[in-house]
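**Student:** show me how the following folds:
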Amino acid sequence: MVAERRVLYAPLVSRQEAVTQAVDDIIERFFDGSVEGLVLKLLEGRYLTAESLEQIRNAGPPCCQSSDGAGHGTPTRIRRAPAP
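**Tutor:** Numbers count the residues shown, from 1 in each chain. Presented below is the predicted three-dimensional model:
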């Protein structure tokens, strides 16, 4: 009879780090580094409702807020750090 061998795997990065890396990769690969391109695609695809847009506008980080608080700050582009 063959003994059953068990292996325990552990992630090398946190879920949040993996999500961040995946989103950065999508923005870079499909939208040439343009966050606006991704957002416009989400809007175009009707993934975002008026209510969810309002939540995003109110909950967004300060870097994305304009001086009037309307969320129309300076456009953001992703810059990849060089690979180690």
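**Student:** for this protein, longest helix please?
**Tutor:** Ranked by residue count under DSSP state H, the longest helix found in the chain is helix 15-31.
**Student:** show me what the helix or strand of the chain with the lowest mean pLDDT is packed up against.
**Tutor:** Using mean pLDDT, DSSP states H and E, the weakest-scoring helix or strand in the chain turns out to be helix 50-59, at a mean of 84. For helix 50-59, there is no helix or strand it packs on, judged by 3 or more CB pairs under 8 Å, 6 or more residues apart in numbering; DSSP states H and E. All C-beta spots, glycine's among them, are computed from the backbone N, C-alpha and C.
**Student:** report the buried residues of that helix.
**Tutor:** The neighbour-count check on helix 50-59 (16 or more other CB atoms under 10 Å) flags nothing as buried.
**Student:** quick one: contacts of the longest helix of the chain?
**Tutor:** By CB atoms under 8 Å, 6 or more residues apart in numbering, the list of residues contacting helix 15-31 from outside reads 11, 13, 33-35, 37-38, 41, 78, 80.
**Student:** if we can go back for a sec, can you dump the C-alpha coordinates of the least confident helix or strand of the chain into CSV?
**Tutor:** Listed in CSV are the C-alpha atoms of helix 50-59, where the atom choice follows Å, rounded to 0.1, in the frame of the first residue of the first chain:
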residue,chain,number,x,y,z
ALA,A,50,-25.0,55.7,-11.0
GLU,A,51,-25.1,54.6,-7.4
SER,A,52,-21.8,52.8,-7.5
LEU,A,53,-20.2,55.7,-9.3
GLU,A,54,-21.3,58.0,-6.4
GLN,A,55,-19.9,55.5,-3.9
ILE,A,56,-16.6,55.5,-5.7
ARG,A,57,-16.6,59.3,-5.9
ASN,A,58,-17.2,59.6,-2.2
ALA,A,59,-14.9,56.8,-1.1
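**Student:** begin at 371, not 1, for the rest of this chat.
**Tutor:** From this message on, residue numbering opens at 371, which makes the last subject helix 420-429.
**Student:** follow-up on the earlier one: export the contacts of helix 385-401 to CSV and tack on secondary structure?
**Tutor:** Supplementary listing: the contacts of helix 385-401 in CSV, determined by DSSP: H, G, I helix; E, B strand; the rest coil:
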residue, secondary structure
P381, coil
V383, coil
G403, coil
S404, strand
V405, helix
G407, helix
L408, helix
K411, helix
I448, coil
R450, coil
